[in-house]
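1. Quick one: sequence plus predicted model below, questions after.
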Amino acid sequence: MIDIKLLRESPESVREALGRRRVEVDATLDLILELDERRRGILQTVEKLKAKRNTASSEVAARKKDGKDASQLLGKLKQ
């Protein structure tokens, strides 16, 4: 198994090592790197959305604690 961190940091050395073993995976390694990059981008988006949700949830709790109406904010959270 190839460590994804090693593949990210030095794909050429991984290619060379696999070449010495007579394993041809050039296109496969490129695909793995592309998919890993997309995955990391999606994870960043998810984390940003979670942070937004947490901030809004805290705001709802603060509004309810102060006795204010939080229904509009709750509607946005449900979306």
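-> On my side now, so go ahead.
2. Next one: Pro11 from Leu18, what distance?
-> From Pro11 over to Leu18 the distance is 10 Å, taken as C-beta to C-beta, to the nearest Å. Glycine gets a C-beta too; all of them are placed from N, C-alpha and C.
3. Which neighbours do those two have in common?
-> Leu29 (C-beta atoms under 8 Å, 6 or more residues apart in numbering).
4. Going by neighbour count, which residues in the longest helix along the chain are buried?
-> For the chain, the helix reaching the highest residue count under DSSP state H is reported as helix 26-65. For helix 26-65, a neighbour-count test (16 or more other C-beta atoms under 10 Å) marks 29, 32, 60, 63 as buried.
5. ok now do the nearest residue to Ala70 once chain neighbours are set aside, which residues does it touch?
-> Distances taken as C-beta to C-beta, 6 or more residues apart in numbering place Arg63 nearest to Ala70, at 4.1 Å, with adjacent residues excluded. By C-beta under 8 Å, 6+ apart, the contact set of Arg63 is 69-70, 73.
6. So which of those residues belong to helices?
-> Leu73.
7. Please convert the contacts of Arg63 to JSON lines, extending it with neighbour count.
-> Formatted as JSON lines, the contacts of Arg63 follow (neighbours: other C-beta atoms under 10 Å):
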{"residue": "Asp69", "neighbour count": "9"}
{"residue": "Ala70", "neighbour count": "17"}
{"residue": "Leu73", "neighbour count": "16"}
